[in-house]
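Novice: quick one, structure for this:
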Amino acid sequence: MVGHYEGGGVPEKCRLVEELRDHFTVTELCKEVGLSKSGFYAYLKRKAVDKDKSSKEIIRTTYERYKSIYGYRQIQLFMYQDHKVWMNHKKILRLMQEMGLQAKIRRKFRHHRSWSLGDRVVRNVLERNSEALQPNQKWVTDVTQYRVKDSWLYLSTIKDLCQNEIVAYNMSLRNDKDLVLQTFSKAFEKEKDVTGLIVHSDQGSQYTSYDYHDMLPKVGAQISMSRRGNCYDNASMESFFSHLKTEALYPYDIRSIEEAQSRIEEYIHFYNNHRPQRKLNKLPPVQYRKQLIG
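Specialist: Predicted coordinates:
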């Protein structure tokens, strides 16, 4: 068979049996090298445990670094970003289950809209086509709210569909058109050339106001609006709000408006600069944009 084998210790004998067991039976190989079958199978078990031990350490480190709120698919992206380790998502799921590591479940929530029948409404130019090949081709915008004790904090955001980056945001205790107009003022200070841009929103009163409709055409942007009461037309923005609240607000006992504002600001910076996305070749939005435009 392999000739009488006398050299090496038990680990080396085990490695030899493992290497040749596709060609000979384990019984024959163990007898040839002077190794018990139970010793060989114990070696395989230890090897499997040691292999998973290293993987588990990386998974746990990644899970805890990002505040113990992400599931296996996002952990997979963080592991690649931080450790240059690409592990099969099914293995990550299995090991997380073994370690008892669970993602925070995103809450489903509904927006309560304020509709204005007397102001201007335009057609849905975007038509749920979220594909954009370059920045400043398609933006989506919306306002969400978060309650702190007896007060409401309103957040207006603009998201670029090319790289999923939050281009601009603004917070206020009042949900009015000034909140939205100031958000766009910040965006246009940052992005000077937006000619041909499509800006999509719902039909909330802020977006049907005359000031909003006068502002966008002046910079060469086209207005698009969802059908009334249809949140799926602006799903990308709704998805961001869901991530924001689940990852930055709901896990904490927030006692003040100032704390909520601080957590929102920190999360948006993290989301833009450090949170990798599968759609963006495993890169965060800002890095993807830099790579895209060279």
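Novice: Glu266 is in what secondary structure piece?
Specialist: Assigned by DSSP states H and E, Glu266 falls within helix 257-273.
Novice: the helix or strand following that helix to helix 257-273, inter-axis angle?
Specialist: The first helix or strand that comes after helix 257-273 along the chain, using DSSP H and E, is helix 285-293. Following axes from the mean of the first three to the mean of the last three C-alpha atoms, to 10 degrees, one obtains 30 degrees for the angle between helix 285-293 and helix 257-273.
Novice: buried ones in helix 285-293?
Specialist: Across helix 285-293, burial judged by 16 or more other C-beta atoms under 10 Å covers 285-289. Just so you know, the C-beta spots here come from the backbone N, C-alpha and C atoms, and that holds for glycine as well.
Novice: can I get those residues in JSON lines with pLDDT and distance to Lys45?
Specialist: Converted to JSON lines, the buried residues of helix 285-293 look like this (pLDDT from 0 to 100; distance: C-beta to C-beta, whole Å):
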{"residue": "Pro285", "pLDDT": "97", "distance to Lys45": "44"}
{"residue": "Val286", "pLDDT": "97", "distance to Lys45": "46"}
{"residue": "Gln287", "pLDDT": "96", "distance to Lys45": "42"}
{"residue": "Tyr288", "pLDDT": "96", "distance to Lys45": "43"}
{"residue": "Arg289", "pLDDT": "95", "distance to Lys45": "48"}
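Novice: which of those sits closest to Ser68?
Specialist: Distance to Ser68, by C-beta to C-beta, is smallest for Pro285 among the buried residues of helix 285-293, at 23.3 Å.
Novice: how much space between that closest one and Asn164?
Specialist: Per C-beta to C-beta, to the nearest Å, Pro285 is found 5 Å from Asn164.
Novice: got it, and Lys53?
Specialist: 35 Å.
Novice: more neighbours: the two, which one.
Specialist: Asn164 (22 against 10; other C-beta atoms under 10 Å).
Novice: contact partners for the more buried one?
Specialist: 236, 240, 277, 279-280, 285 (C-beta atoms under 8 Å, 6 or more residues apart in numbering).
Novice: nearest to Gly196, of the residues you listed?
Specialist: Ser236 (19.4 Å).
Novice: quick one: residues contacting that closest one.
Specialist: 130, 140, 159, 161, 164.
Novice: the inter-axis angle of the helix or strand where Asp82 lies versus helix 285-293?
Specialist: Here Asp82, judged by DSSP H and E, is contained in helix 72-83. Interaxial angle of helix 72-83 relative to helix 285-293 (the same axes, to 10 degrees): 70 degrees.
Novice: give the contact list for Gln291.
Specialist: Contacts of Gln291 (C-beta under 8 Å, 6+ apart): 281, 283.
Novice: give me that answer again for 6 Å
Specialist: By C-beta atoms under 6 Å, 6 or more residues apart in numbering, the contact set of Gln291 is empty.
Novice: buried ones in the lengthiest helix in the chain?
Specialist: Longest among the helix segments of the chain by residue count, using DSSP state H, is helix 37-65. Buried residues in helix 37-65, counted by 16+ other C-beta under 10 Å: 40, 43, 52, 55-56, 58-60, 62-63.
Novice: by contact count, what packs against it?
Specialist: For helix 37-65, the packing partners by 3 or more C-beta pairs under 6 Å, 6 or more residues apart in numbering; DSSP states H and E come out as helix 10-20, helix 72-83, helix 89-99.
Novice: try it again at 10 Å.
Specialist: Packing contacts for helix 37-65, counted by 3 or more C-beta pairs under 10 Å, 6 or more residues apart in numbering; DSSP states H and E, involve helix 10-20, helix 26-33, helix 72-83, helix 89-99.
Novice: quick revisit: and the contacts of Ser236 as TSV, adding secondary structure, distance to Lys177 and pLDDT?
Specialist: Converted to TSV, these look like this (DSSP: H, G, I helix; E, B strand; the rest coil; distance: C-beta to C-beta, whole Å; pLDDT from 0 to 100):
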residue	secondary structure	distance to Lys177	pLDDT
Ser130	coil	26	82
Val140	strand	18	96
Lys159	strand	19	97
Leu161	coil	23	96
Asn164	coil	26	96
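Novice: which intervals of the protein have sub-threshold pLDDT?
Specialist: 1-8, 50, 106-120, 229-233 (pLDDT under 70).
Novice: okay, buried residues for the helix holding Glu266 please.
Specialist: Of all the residues in helix 257-273, those buried under the rule 16+ other C-beta under 10 Å are 257, 260-261, 263-264, 267-268, 271-272.
Novice: out of those, which is nearest to Arg21?
Specialist: Tyr271 (49.4 Å).
Novice: measure that closest one to Phe40 for me?
Specialist: Tyr271 is 50 Å from Phe40, where distance means C-beta to C-beta.
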